[in-house]
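> I'd like to go over a predicted model; first the sequence, then the structure.
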2 protein chains.
Amino acid sequence: MIPNWLVQRANLTPNRIALSFDEKEWTFRQLLDEATNIAQKLRTNGLQDGQRIALLGSSTPDMVFMIHGCLLAGLEIVMLNARLTSSELKWQLADSEAVALLLDDQSSFQFTNLSKPILSFSDIHASGKSELSMVDRWLPSKTLTIMYTSGTTGFPKGVRQTAENHTSSALSSVLNLGLTEHDCWLCTMPLFHISGFSILARSVIYGMTVRLYEKFDEYAVADEIQRGQVTRMSVVAASLQRLLMVMEEQNLYASTAFLTMLAGGGPIPVDYLRRARERRLPVLQTYGMTETSSQTATLSAEDALRKIGSAGKPLFFNQIKIDVSANDAVGEVLVAGPHVTPGYIGHAAAVSPTTDGWFPTGDIGYVDEDGYLFIVDRRSDLIISGGENIYPAEIENILASHPLVVEAGVCGQEDEKWGSVPVAFIVSKGKIVESDLVAYCKQHLAGYKVPKAFHFVEQLPRNASNKLVRRKLKEWL
Amino acid sequence: MIPNWLVQRANLTPNRIALSFDEKEWTFRQLLDEATNIAQKLRTNGLQDGQRIALLGSSTPDMVFMIHGCLLAGLEIVMLNARLTSSELKWQLADSEAVALLLDDQSSFQFTNLSKPILSFSDIHASGKSELSMVDRWLPSKTLTIMYTSGTTGFPKGVRQTAENHTSSALSSVLNLGLTEHDCWLCTMPLFHISGFSILARSVIYGMTVRLYEKFDEYAVADEIQRGQVTRMSVVAASLQRLLMVMEEQNLYASTAFLTMLAGGGPIPVDYLRRARERRLPVLQTYGMTETSSQTATLSAEDALRKIGSAGKPLFFNQIKIDVSANDAVGEVLVAGPHVTPGYIGHAAAVSPTTDGWFPTGDIGYVDEDGYLFIVDRRSDLIISGGENIYPAEIENILASHPLVVEAGVCGQEDEKWGSVPVAFIVSKGKIVESDLVAYCKQHLAGYKVPKAFHFVEQLPRNASNKLVRRKLKEWL
């Protein structure tokens, strides 16, 4: 059994600071009070232990209270990505069978014809309280959160993340990064992503402060890191780059109190690592995904330049192996450990994510003679853009639905700011104006998924079995 | 599944220092090499995965290699207490059904008529190596160690300590104490005790150095702590007192690098806490036992004087409750968590240690309004002498077997050096010379269990059901 994180944490260190946002702070006891309040009001709205609720909001204290309130109420939370379009979200809401949508009042989303109730945060706050019998232990297999991740088929799958997944992930991480009583994790990652949610989980498991920002602001971050009030932070390549620009421009250095810059969501350019070292930022490259509730492997700062491009070694409770066929040492990266999802919900519920305990990531890589993991090719043509995963098939499906498009192929193109951006190749059956295609995509796809360029071609590169060969598209660029 | 600690640790941080003793050091890779060597030689001696072996030795690097070698070979280790007498050990050897005894060459023990093979450390070193297929994962329920603890009946029980018990104990502790890459735990506790063994477990789980001493030497310890090469240490009241004397005499202060003095094995006198604070020693009082694979609760240094006498709060994965009967808030302390033993071996194998997951400690205590545990009376007349547990019944059984003793009652008497020492009340059937009784006890009992005083009386205090009332004996003192 795993202790109900926040309940146990508030018992143990009630007066430590749990959350800091702007000028406001909340202790763990205050956080428990806020969350209990929410949980009691969720009950009044008919939400019962074991039910599934969808949550959509930005990274505010109220969102943190809602998350912990849902957990206290025993709900499984479908963490919706606020960057998606209404139609993408409606698809996930239907697939997840969530009983209701909990929606931030600040959200600009308009859902029409939604077949389930929408409860705004203010609806909840305005409700009366019902009695709540709180469980103080969770079964390890209890699903706490569900996050949708796009698959190779283009249909997002809802990934279950259990109490054991999140807890073992936090424990593995602490054995690698260490922990001090002054630790404070700067969170500018969206809370609906595993990168952001895992910071909240570590906070209550470790008794560590989260310094929360609604959005990434490189000036504010540079200031926090220089002052040394924060000791850890998670970034993706794009945000690291923006931070480095400011630190260089203002000639700032990280405080010696700042211990860890965890850099994930795709590879970090070598140039950034060198520049980060100049700024005394200890960058630890990490390899993780939604299905592994955050980090599987992490490269220590001391190895960052010696093992350039490596994603490091597995964390203590995790295992990595390469599925090598033929005589090649390079193959698909397989991952095992208590942090690996037990499975999906909705349309993919019957799909087993693992074989004999091993989760095939789809990424191609190798392990060097010292045991360091190197990723040489991302899973199934995955495009990682500013830390967001984009699967070409999802965009191709939308493009192909346009009346004038015969077929479409999408691949990633290198981009200085975002790492990679999607571009499309179109076979059309008549004249199409590019701006029409952009508008069409924006109706159906999150902004970061809309192709940044459209190339009109006679036909797409296909292999013998008529399968689209996306790496050929890359060569055409 | 839990990773085979040393194998995983040597994979992850092969070049970090694992062990330091005198002027010598071993990295984790070297420790794995030494232990693998031993494991392969244990195989040659016919020792197979899942078998049970007894181990008797003092705290030397060779003992550390033997422990890890046995674990790599998949053996359950019966950790024998080197302070016991041959006859006590023979009893445990028989009860445990260990297939062999692994005996330190430096040991002065002579075992005659032992019905199982004795393998000296040098026998093992001199053996050839056999092939060893090492498992890289353990089932959480796998028994790693067995430690005997005396019960209220006077017959010691062999306590199973599983991979999950030790691992969760180490994880709970790290969430409380924190962890830095410079951490080094000074170990002067016997490795056959959970207090010492748990340091070895933390070392391989955390990737932390153990600075090992064969014996507690207050001058060496004071020097280590002042120089700040070590950051953590475990003590009992008696060793803390000896250390304080030296630090006061030489006017030494703990280095600011020294983070934690974990003080267990019974209550710490308030005077010691005040003096420790003077010497800048951060003393954390802890409450643990063999059946809980080390700490269940720990009092933080910041609360040490505010909550004088408290054993603190439970660690993150643990729970404590008081079994209160009637209207009293004071009652037996019950403990639950993944660190609680699943059971015993040998004669007590059929005894379940827990009821609905709760282990009754036998200790009497209460939890105050802030959630802090206070122990008001030790379990079943337990005498804690210099960190060693002594059960009166065991001594009474021996005394009663003397031809001139009618009956005997034993209780603890306060002692400045040891906290408490056993004293005996004897009803005799003839004149007995005290020195004869001492000699008789020494034949059968470890030195620390031999009563420090004998009082000859007409009869023992008994209650209505004729049960010995040991607290009456205390009043007689």
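That came in fine, so what should we check first?

> Just give the number of residues close to A:L305.
Neighbour count of A:L305, defined by other C-beta atoms under 10 Å in any protein chain shown: 12. In short, each C-beta sits where N, CA and C put it, glycine included.

> wait, it sits on A:L273?
Yes - contact status for A:L305 versus A:L273: in contact at 6.3 Å, counting by C-beta atoms under 8 Å.

> Spell out which parts of chain A neighbour chain B.
Counting by C-beta under 8 Å from any C-beta of the partner chain, chain A comes close to chain B at A:1-3, A:8-9, A:11-12, A:136, A:171, A:174-175, A:178-181, A:205-207, A:313-314, A:316-317, A:319, A:338, A:371.

> Point out the ones among those residues that are inside helices.
A:8-9, A:11-12, A:171, A:174-175, A:205-206 (DSSP state H).

> contacting residues for the one residue in the stretch 351-477 of chain A that gets nearest to chain B?
Proximity of the stretch 351-477 of chain A to chain B (C-beta to the nearest C-beta) peaks at A:G371, 5.6 Å away. Residues near A:G371 by C-beta atoms under 8 Å, 6 or more residues apart in numbering or on different chains: A:313, B:11-12.

> Those, buried ones only, as a ChimeraX selection?
Command for ChimeraX, covering only those of the contacts of A:G371 found buried under the criterion 16 or more other C-beta atoms under 10 Å in any protein chain shown:
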select /A:313 /B:11,12
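
> How about the residue of chain A most remote from its centre: what's its closest non-neighbour residue?
Most distant residue from the mean C-alpha position of chain A: A:G430, 39.4 Å away (C-alpha atoms, centre = their mean). Leaving aside its chain neighbours, A:G430 sits nearest to A:L404 (4.9 Å; criterion: C-beta to C-beta, 6 or more residues apart in numbering or on different chains).

> Repeat that for A:N81.
Nearest to A:N81 is A:F192, by C-beta to C-beta, 6+ apart, at 5.3 Å.

> I'd assumed A:L80 was in contact with the one you found.
Yes - contact between A:F192 and A:L80 holds when scored by C-beta under 8 Å: they sit 6.1 Å apart.

> Next, show the common contact partners of the two.
What both A:F192 and A:L80 touch, as defined by C-beta under 8 Å, 6+ apart, is the set A:55-56.

> What mean pLDDT does the host helix or strand of A:Q161 get?
Assigned by DSSP states H and E, A:Q161 falls within strand A:157-162. Averaging pLDDT along strand A:157-162 gives 97.

> and the residue nearest to A:N81, how many neighbours?
Residues lying near A:F192 (other C-beta under 10 Å) number 26.

> and if you look at A:K442?
13.

> Equivalent analysis for A:A126, please.
9.

> Quick check: which ranges of the stretch 151-300 of chain A have low pLDDT?
A:151-154 (pLDDT under 70).

> Do a quick rundown of the strands in it.
Using DSSP state E, counting those that start in this stretch, the strands assigned to the stretch 151-300 of chain A run over residues A:157-162, A:184-187, A:209-212, A:232-236, A:260-264, A:283-289, A:294-298.

> can the ones you listed go into CSV with extra columns for mean neighbour count?
Below are those laid out as CSV (neighbours: other C-beta atoms under 10 Å in any protein chain shown):
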stretch, mean neighbour count
strand A:157-162, 25
strand A:184-187, 24
strand A:209-212, 24
strand A:232-236, 26
strand A:260-264, 24
strand A:283-289, 25
strand A:294-298, 28
